[in-house]
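Asks: Please work out how this folds:
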Amino acid sequence: MGFPILVVYTIKRAPKNEEESSDCADGSEATTCCRRPKFINFRGTEWSDRWIIEPQGYDAYECVGPCTNRGHVRTGRDLLDLLQRPRTVSCKASKTSPLPMMYLVNRDGVTEIVVESIPNMIIEECKCTI
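Replies: As a prediction, this is how the structure comes out:
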């Protein structure tokens, strides 16, 4: 008897404007806010042994790189707010996508297979935000 297989594909998208990042250059230190590959491996964890069927792992990505306050001051009010209460600008996920998963759930002593899209699991774009 075969087991069901779930194949997940992610799409790399180009940034829509200057404030959105692209993927980081391979193997180098990030000089701007960008998306770096980060693989999450479910195999070898208690989760996969007990309830996660598929996927075995996935590319989640992470946002890395420096950000400055430059570009976030648009009005005199923004400048005044920034001077009174300095805020940290950091590289964060600006767009995410769901991850389809197949997992086991025990309901009233009966084990069921559930297929569901878990939101905000894959980082699609990163952006410097306050």
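
Asks: Residue 127 should be in a strand, yeah?
Replies: Yes - note on residue 127: a strand contains this position according to DSSP: H, G, I helix; E, B strand; the rest coil.

Asks: That one and residue 90 touch, don't they?
Replies: No - contact criterion Cβ atoms under 8 Å: residue 127 and residue 90 do not qualify, at 9.9 Å. The way it works is simple: take the backbone N, C-alpha and C, and place the C-beta from them, glycine included.

Asks: what about those two, which has more around it?
Replies: Using other Cβ atoms under 10 Å, the more surrounded residue of residue 127 and residue 90 is residue 127, with 18 against 14.

Asks: how close does that one sit to residue 33?
Replies: For residue 127, the distance to residue 33 equals 7 Å [Cβ to Cβ, to the nearest Å].

Asks: what's in contact with the helix or strand harbouring residue 49?
Replies: Using DSSP states H and E, residue 49 sits in helix 46-50. Helix 46-50 has contacts (Cβ atoms under 8 Å, 6 or more residues apart in numbering) with 42, 56, 104.

Asks: The next helix-or-strand element following it: partners in the sheet, and parallel or antiparallel?
Replies: Sequence order places strand 52-54 as the next helix or strand after helix 46-50, per DSSP H and E. In the sheet, strand 52-54 lines up against strand 90-107 (antiparallel) (DSSP bridges).

Asks: then the strand it pairs with to CSV, C-alphas only?
Replies: Coordinates of each C-alpha in strand 90-107 appear next as CSV, following Å, rounded to 0.1, in the frame of the first residue of the first chain:
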residue,chain,number,x,y,z
SER,A,90,14.1,46.4,11.0
CYS,A,91,14.0,43.9,8.2
LYS,A,92,10.7,42.0,8.5
ALA,A,93,8.4,39.8,6.4
SER,A,94,6.1,42.0,4.4
LYS,A,95,4.3,39.2,2.5
THR,A,96,3.9,35.6,3.4
SER,A,97,2.1,32.6,1.9
PRO,A,98,0.5,29.5,3.4
LEU,A,99,2.0,26.0,3.6
PRO,A,100,-0.2,23.0,2.7
MET,A,101,0.2,20.3,5.4
MET,A,102,-1.0,16.8,6.0
TYR,A,103,-1.1,15.8,9.6
LEU,A,104,-2.8,13.5,12.1
VAL,A,105,-5.4,14.6,14.7
ASN,A,106,-6.8,12.4,17.4
ARG,A,107,-10.5,13.2,17.9
